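Asker: Test case, fold it:
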Amino acid sequence: MNTKKQLLTKVKAEIRTNMPRRHVGILGGTFNPIHLGHLVIAEQVYQQLRLSKVLFLPDKVPPHRGVSKTKPISSDDRIKMIKLAIEDNMHFDLDLTDVNRGGVSYTYETIKILKQCNPDTEYYFIIGGDMVENLPKWAHIDELVQMVHFVGVCRKGYEKSSKYPILWVNTPELEISSSMIRNKVRTGKSIKYLVPDSVADYIQDRGLYK
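Answerer: Numbers count the residues shown, from 1 in each chain. Predicted coordinates:
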C-alpha cells in the first residue's frame with residue numbers, strides 16, 4: 001500500500017514538473033477607482049515580459065489604510081468598475097482572492113492561496129518604483145520573494161535598486177492617481193481621459209465620491 005502511494009506521489013510530481021508553466025502578472029490595489037494609469041502599466045508589463053495574462057486583484061481592506069479617508073465605497077462598486085475597465089482586453093482578468101478572503105489584505109497570504117490553487121503558474125507581482133524601498137517592511141517579505149517575481153515600474157526620482165530581486169520595467173508615466181480623480185469628482189471637475197468612459201459613467205450614475 002505504501003509502495004502504491006509512493007508511486008502515485010512520484011507520478012503526480014512528474015506531471016507537475018512537465019506541465020507547461022504559465023506566467024501571470026498581478027496588479028493589486030484598492031482601485032478606488034481604477035484609472036488609465038493602472039491599465040497602461042498592466043499592458044506594458046504584459047507586453048514586455050510576454051506574460052500569459054495580467055490579473056487585477058482588488059483588496060478588501062489595505063493593511064496601511066482604509067479604502068478612502070473621506071467616503072468609503074463598497075468593494076462591489078470597485079469590482080464593477082474594474083470589470084468595465086478591462087472588459088475589452090482579452091489578456092486582462094479580475095481575481096477576487098483578496099475580496100473573498102476578507103479582512104486585511106496581506107500579499108503573502110494572497111499569494112499563498114494563488115500558488116496552492118495554481119501550482120503550474122509563475123506569478124509576477126507589479127509594484128511602483130516608489131514602493132520598492134518599502135519592501136523590507138512587508139509582512140513575510142523573505143518568504144514572499146521566493147514565491148513571486150517582483151516587477152518594479154520605474155519612476156522618476158527613485159533608484160532602481162533593492163536588496164531583493166526586482167524585474168524593472170519602463171512604462172509611460174501618467175500623472176494620474178485615484179485620489180486625484182476622487183477630488184475632481186468631489187469638486188465637479190471632468191475626469192474624461194483619466195478613466196475609461198464606462199468607469200466615468202458608472203461613477204456619475206452611482207453618485208460616487210461626492
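Asker: okay, CA-based contacts and neighbour counts for the rest of this
Answerer: Fine.
Asker: Past the lowest-mean-pLDDT helix or strand in the chain, which element shows up next along the chain?
Answerer: When the helices and strands of the chain are scored by mean pLDDT, DSSP states H and E, helix 2-18 comes last with a mean of 49. Heading C-terminal from helix 2-18, the first helix or strand you meet, by DSSP states H and E, is strand 22-29.
Asker: May I see the buried residues of that next one?
Answerer: 23-29 (16 or more other C-alpha atoms under 10 Å).
Asker: got it, and stretch 41-51?
Answerer: So stretch 41-51, judged by 16+ other C-alpha under 10 Å, has buried residues 41-46, 51.
Asker: Export that stretch to CSV, keeping only CA atoms.
Answerer: This file holds the C-alpha atoms of stretch 41-51, laid out as CSV (Å, rounded to 0.1, in the frame of the first residue of the first chain):
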residue,chain,number,x,y,z
ILE,A,41,1.1,49.8,-16.6
ALA,A,42,-0.6,46.4,-16.9
GLU,A,43,-0.5,46.4,-20.7
GLN,A,44,3.2,47.4,-20.8
VAL,A,45,4.2,44.7,-18.3
TYR,A,46,2.2,42.2,-20.2
GLN,A,47,3.8,43.0,-23.5
GLN,A,48,7.4,43.5,-22.2
LEU,A,49,7.5,40.3,-20.1
ARG,A,50,5.4,38.3,-22.6
LEU,A,51,3.0,37.2,-19.9
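Asker: Identify the residues contacting it?
Answerer: 22-25, 27, 52-54, 153, 169, 171-172 (C-alpha atoms under 8 Å, 6 or more residues apart in numbering).
Asker: okay if I get those as CSV plus pLDDT and distance to Asp120?
Answerer: Shown next, in CSV, are these (pLDDT from 0 to 100; distance: C-alpha to C-alpha, whole Å):
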residue, pLDDT, distance to Asp120
Arg22, 93, 6
His23, 96, 9
Val24, 98, 10
Gly25, 98, 14
Leu27, 98, 19
Ser52, 97, 12
Lys53, 97, 14
Val54, 98, 16
Val153, 96, 25
Val169, 96, 24
Thr171, 94, 28
Pro172, 93, 31
